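Visitor: Sequence first, then the predicted structure, then my questions.
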Amino acid sequence: MTRLGFVLDSGTCIGCHACTVACKSEHDVPLGVNRTWVKYVETGSFPDTDRSFSVMRCNHCQDAPCMDICPTSALYRADNGVVDFNDANCIGCKGCMNACPYDAIYINPATSTAHKCNFCNHRVTEGLAPACVIVCPTQAIRVGDLDDPESEISLLHSTGTGSVRAPDQNTNPATIYKNADPTSLDPLASSIRSDGMIWSDTLDSHPSPTPVSLAAAPGRDDGQEMGRTVYTTRHPETWGSMVSGYLVTKAVAAGVMLMAVLMVLMGHGDNQAAVGVVPPMIAGVFLAATGILLVCHLKQPGRFHYLITRGNWSSWLVKGAYVLAGFSATLAAWWVAGLAGAGGVLPVLVVPTAALALGTAGYTAFLFGQCEGRDFWQEPLLLPVLLTQAVVAGGAAYSVLDLFMTVPESTAVRWVFVAALVLNGVLVAAETRGVHSRHVTMALAELTRGEQGQKYRIWLVAGLAIPCLLVASSLPTDSATPTAMAGLSALAGMFAYEDAYVRAGQSVPLS
């Protein structure tokens with residue numbers, strides 16, 4: 001067996017960028033993206049300063065999270081242990097980019113597919129060294145075999161004299177650093193100052209820690225002061241408003257049917273309009289919107305069917321697609337039964353509909369859990385938050401529906417709506433409290449007090465406070481207008497929260 005890896009000797013690296021240029025030339029890497037780059041970090045105070053260089057790239061992990069989340073196995077392990085990629089399978093979902101704790105994957109603007117360092121596997125399989133190894137003037141990049149106990153890389157690994165990036169992620173990386181300053185390997189141990197870097201000004205989208213998140217981050221365990229990153233590459237945000245919108249649309253689809261299930265259990269299955277026909281129609285529209293957002297989010301939308309035809313069952317993108325398909329089937333069955341006036345059939349559909357509605361609302365927690373690079377998204381309260389948000393969305397939708405038709409048990413719907421709003425607020429409050437890792441602490445600071453803080457406050461007011469007050473004011477009068485306003489406000493606030501949550505999770509730098 002052979003398991004190839006890199007030894008990156010920061011002690012002999014001179015920061016010449018020959019490896020970066022050779023990599024770009026070998027693979028026709030476009031401007032603006034990199035498979036390999038050199039990071040400069042300065043430490044100390046003038047005149048006692050030091051600058052360290054570290055080569056950044058894919059770590060070819062033994063337990064590679066990018067492979068687990070990839071829905072079409074476009075990222076795969078070659079026989080020599082290298083994590084390689086297949087352009088023909090990639091749908092451009094960008095899940096691998098958030099799964100990678102090393103910020104090593106990018107979308108190639110020329111192909112709209114995910115690319116990264118592949119160890120120059122086309123050269124290695126022919127007995128040649130990777131391009132970066134050939135051009136390095138100080139032999140700071142060396143290839144080793146981790147399955148050879150006498151190799152340099154194995155000895156660095158077994159003796160603990162080598163270093164790896166993000167050891168807490170337990171990915172078992174095959175890239176070992178020698179003589180590296182810990183500050184250069186830890187992305188949270190250095191910051192990019194507002195005056196930019198040595199050859200360029202920073203852009204707004206540059207994922208560097210904000211002053212708020214830096215102040216919130218716990219201190220360094222090794223007692224070293226924070227360094228300054230003076231050269232690195234820009235990695236823009238991967239997921240944005242389409243993902244945020246999809247979280248809301250599927251919450252509405254799932255929530256409407258959960259409320260319809262509740263009404264059937266309360267003995268109103270014979271109500272053709274408000275229980276049998278309209279709820280699956282509303283859910284179907286929002287489920288279709290979910291699918292549209294998912295497809296439009298892909299860089300290769302024409303390959304969406306690969307989720308089924310080339311699906312990787314370790315990926316929650318694939319599992320989620322089947323959950324959504326199953327839910328759409330139950331919606332169709334519910335609608336047909338309601339349209340036919342077969343209220344007696346609906347109790348039979350209660351269990352599968354409720355199960356698939358909960359699955360539709362909650363599977364994203366497991367998908368986000370596969371994003372190993374984003375610790376904030378792996379907090380244990382995400383699943384109950386998503387399920388509670390579905391109930392909020394269902395209550396909001398029925399509150400609006402109450403304006404146009406008679407909704408049975410409307411008072412019960414309002415109480416469920418308010419209870420879900422309160423529980424949602426409690427869960428988020430619990431998530432923002434307590435002791436967290438540095439990564440999560442910085443993301444929470446970004447969510448509540450940083451650039452996403454305004455959206456978070458919009459959610460607090462429009463998504464929680466106003467709906468609760470409006471519903472409470474409607475209970476004595478049984479008026480539908482305040483609850484309808486509460487529903488619309490809650491949904492708008494939910495989108496603000498989801499957008500802030502998704503972006504805050506990606507605000508913490510990984511390289």
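Guide: All right, it came through fine.

Visitor: CA only for contacts and neighbour counts going forward, please
Guide: Fine.

Visitor: okay, now Trp199: neighbour count?
Guide: 8 (other Cα atoms under 10 Å).

Visitor: for it, helix, strand, or coil?
Guide: coil (DSSP: H, G, I helix; E, B strand; the rest coil).

Visitor: Could you pull out the strands in the stretch 201-350 of the chain for me?
Guide: 227-231 (DSSP state E, counting those that start in this stretch).

Visitor: any weak-confidence spans in it?
Guide: 201-225 (pLDDT under 70).

Visitor: can we see that at 80?
Guide: 201-226, 234, 342-343 (pLDDT under 80).

Visitor: which phi and psi does Asn80 have?
Guide: Note on Asn80: its backbone torsions stand at phi -90, psi 10 [degrees, to the nearest 10].

Visitor: any idea how far it is from Leu146?
Guide: Here Asn80 is placed at a distance of 10 Å from Leu146 (Cα to Cα, to the nearest Å).

Visitor: Quick check: neighbours shared by those two?
Guide: When Cα atoms under 8 Å, 6 or more residues apart in numbering defines a contact, the residues bordering Asn80 and Leu146 alike are 2-4.

Visitor: Let me have those in JSON lines, adding pLDDT, distance to Gln454 and neighbour count as columns.
Guide: Output for the shared contacts of Asn80 and Leu146, formatted as JSON lines (pLDDT from 0 to 100; distance: Cα to Cα, whole Å; neighbours: other Cα atoms under 10 Å):
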{"residue": "Thr2", "pLDDT": "83", "distance to Gln454": "52", "neighbour count": "13"}
{"residue": "Arg3", "pLDDT": "91", "distance to Gln454": "48", "neighbour count": "17"}
{"residue": "Leu4", "pLDDT": "95", "distance to Gln454": "47", "neighbour count": "22"}
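
Visitor: from those, which is closest to Glu42?
Guide: Distance to Glu42 across these (Cα to Cα) is lowest for Leu4, with 31.0 Å.

Visitor: show me what contacts the closest one?
Guide: Contacts of Leu4 by Cα under 8 Å, 6+ apart are 80-82, 143-146, 174.

Visitor: From Met197, how far out is it?
Guide: For Leu4, the distance to Met197 - Cα to Cα - is 34 Å.

Visitor: Check Gly302 too.
Guide: 39 Å.

Visitor: quick one, which of those two is more surrounded?
Guide: Met197 (16 against 11).

Visitor: Which one of Asn80 and Leu146 is surrounded by more residues?
Guide: Per other Cα under 10 Å, whichever of Asn80 and Leu146 has more neighbours is Leu146, with 24 against 15.

Visitor: That one contacts Leu156, correct?
Guide: No. With contact defined as Cα atoms under 8 Å, Leu146 does not count as touching Leu156 (9.8 Å).

Visitor: quick one: common contacting residues for those two?
Guide: Counting by Cα under 8 Å, 6+ apart, nothing touches both Leu146 and Leu156.

Visitor: what's the domain layout of this protein?
Guide: Split into domains by automatic domain parsing, the chain comes to 4-185, 239-370, 374-511.

Visitor: Do me a favour and get the end-to-end distance for the shortest one?
Guide: The reference is to domain 239-370. End-to-end for domain 239-370, by Cα to Cα: 14 Å.

Visitor: so who does Val391 touch?
Guide: So Val391 contacts 251, 255-256, 258-259, 416-417, 420 (Cα under 8 Å, 6+ apart).

Visitor: Pick out the most distant pair among the residues you listed.
Guide: Top of the distance list for these (Cα to Cα): Ala251 and Val416, 15.4 Å.

Visitor: between these two, which one's more packed in?
Guide: Ala251 (31 against 17).

Visitor: Give the burial count for the nearest residue to Leu294 once chain neighbours are set aside, as a bare number.
Guide: Nearest residue to Leu294 in three dimensions, chain neighbours excluded: Tyr246, at 7.0 Å (Cα to Cα, 6 or more residues apart in numbering). Applying other Cα under 10 Å, we find 22 residues neighbouring Tyr246.

Visitor: Ser112 touches Gln300, doesn't it?
Guide: Yes. Using Cα under 8 Å, Ser112 makes contact with Gln300 at a distance of 6.5 Å.

Visitor: so what's in contact with the two at the same time?
Guide: Gly92.

Visitor: gap between stretch 344-351 and the chain center?
Guide: Computed by Cα atoms, centre = their mean, to the nearest Å, the separation of stretch 344-351 from the middle of its chain amounts to 36 Å.

Visitor: what residues does that stretch touch?
Guide: Contacts for stretch 344-351 (Cα under 8 Å, 6+ apart): 261, 264-265, 269-270, 276, 330, 334, 337-338.

Visitor: wait, what's in contact with the residue nearest to Leu294?
Guide: 289-290, 293-294.

Visitor: of all those, which two lie farthest apart?
Guide: Ala289 and Leu294 (8.5 Å).

Visitor: what's near enough to touch Leu247?
Guide: 290, 361, 498.

Visitor: now the helices for the stretch 351-500 of the chain?
Guide: For the stretch 351-500 of the chain, the helices defined by DSSP state H, counting those that start in this stretch occupy 382-401, 410-432, 438-448, 453-458, 466-474, 480-505.

Visitor: Now distance to Val41 and mean pLDDT too, for those helices, in CSV please.
Guide: Formatted as CSV, the helices of the stretch 351-500 of the chain follow (distance: least, Cα to Cα, whole Å; pLDDT from 0 to 100):
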stretch, distance to Val41, mean pLDDT
helix 382-401, 35, 96
helix 410-432, 31, 94
helix 438-448, 20, 94
helix 453-458, 30, 97
helix 466-474, 47, 92
helix 480-505, 24, 95
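
Visitor: Would you mind measuring from Met281 to Ala288?
Guide: Distance from Met281 to Ala288, counting by Cα to Cα: 10 Å.

Visitor: ok, back up a step: right, so of the helices of the stretch 351-500 of the chain, which gets closest to Leu75?
Guide: Nearest of the helices of the stretch 351-500 of the chain (Cα to Cα): helix 480-505, 23.4 Å.

Visitor: Packing partners of the closest one?
Guide: helix 241-265, helix 382-401, helix 438-448, helix 453-458, helix 466-474 (3 or more Cα pairs under 8 Å, 6 or more residues apart in numbering; DSSP states H and E).
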